[in-house]
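Asks: Can you look at this prediction? I've put the sequence above it.
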Amino acid sequence: MARLQLEIVTPDRVVLKKEVDYVSLPGVEGDFGVLPEHIPYFAALKAGWMHYVLDGTTSYVCLSGGFAEVADNKVQILVDTAELASEVDPSRAEAARLRAEQRLQKAKMDSEINIQRAEAALGRAITRLRAIKLQ
């Protein structure tokens, strides 16, 4: 059976490069899946977790927003940040979630706090914690 070449790239590094059987991604217009022989496709990605399957084993990756290009049995993902679920430190992710929740509480009383940044930080922390649980 044909496989897909999956590549996840950030400005700092190539996070993952391997052949896989299936990829599921968090598109801004809804999640979508990619199998071998998929038609060429380009999509904007929202922050969240993606997964891929190789020989029946599912693995998860936390992504910031970015883009995905599908062509010629290759899925190339370009994002600001990406973290394999197996690399996520649960205690750091939980601490980040608590900090973001506290910041949102303070934002109700302090107009200097950027609510959108605090909500984004909370979303990233929750995504990381969910990916750990799924792994």
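Replies: Arrived safely.

Asks: rest of the way, CA atoms for contacts and neighbours
Replies: Fine.

Asks: Is residue 127 located within a helix, as I assumed?
Replies: Yes: under DSSP: H, G, I helix; E, B strand; the rest coil, residue 127 sits within a helix.

Asks: what about it, how many residues close to it?
Replies: 21 (other Cα atoms under 10 Å).

Asks: and it, what pLDDT?
Replies: pLDDT, residue 127: 72.

Asks: which residue is nearest the centroid of the chain?
Replies: Nearest to the geometric centre of the chain sits residue 63, at 2.2 Å (Cα atoms, centre = their mean).

Asks: Specify the beta-bridge partners of that residue.
Replies: Partner residues in beta bridges with residue 63, using DSSP bridges, are residue 48, residue 82.

Asks: try residue 54
Replies: residue 57.

Asks: Tell me the predicted confidence for it.
Replies: pLDDT, read off for residue 54, is 97.

Asks: Can you give the domain ranges for this structure?
Replies: Domain assignment for the chain, taken from automatic domain parsing, gives 4-85, 88-134.
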